[in-house]
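> pasting the sequence and the predicted model now:
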Amino acid sequence: MKNNEMTNNDQHHSTPATAGRCGVFTGTFDPFTVGHDSIVRRALPLFDRLVIAVAMSKLKNTEEEISQRVDEIEKIYKDDPRVEVIAYSDLTIDMAKRVGARFIVRGVRSVKDYEYEREQAEFNRKFGGLETVLLFAEPGLESVSSTLVRELRYFGRDIDEFLP
């Protein structure tokens, strides 16, 4: 698949751009944690529509894995019509344009995260005309990461407290 082609998930879960303020919250969300959920719930009052966009890495993920991740996140927000969940495999700026978003929502846990997000925001503004909204992790969630949760799961530890 070429980078500019949509996956089946894009076609299935995506809706045409609608009027109003739309933001996209992007990530691999492997898994989608309570930290991600906190960002979504805090971002929702800022937008008429929030698209949770699950990034697909051709090196890491299969389409089945991504489809399952999209389905799991959709279940969390099934009662909120403002939330849409899609998978994408092209540039974030292209996906954002396709869904009608002018804003990218990102969570920041540390100075390291901030520096990375600042650089990405500059790129997204310059090449995509997108503004980035940074939301800082709530106290107690700064150390929650998908990497940590995956490692705990791998070693058979209970991860329920980290999942919404």
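Yes, it's here. Every value quoted in this text rests on a predicted model; they were computed, and no experiment measured them.

> now do the strands in this protein.
Per DSSP state E, the chain carries strands over the ranges 22-27, 49-55, 83-88, 103-108, 131-136.

> how about those, which one is nearest R118?
With CB to CB as the measure, strand 131-136 is the member of the strands of the chain nearest R118 (8.5 Å). Where you see a C-beta, it was placed from the backbone N, CA and C, and this is true even at glycine.

> how much does that closest one deviate in direction from strand 22-27?
Relative orientation of strand 131-136 and strand 22-27, computed by axes from the mean of the first three to the mean of the last three CA atoms, to 10 degrees: 60 degrees.

> closest to I159 out of the strands of the chain?
The nearest among the strands of the chain, by CB to CB, is strand 22-27 at 17.4 Å.

> check contacts around the spatially most central residue of the chain.
Against the mean C-alpha coordinate of the chain, by CA atoms, centre = their mean, the closest residue is T26 at 2.7 Å. Each residue near T26 by CB atoms under 8 Å, 6 or more residues apart in numbering is listed here: A53, A55, T92, M95, I104, R106.

> compare those and tell me which is most surrounded.
A53 (27 neighbours; other CB atoms under 10 Å).
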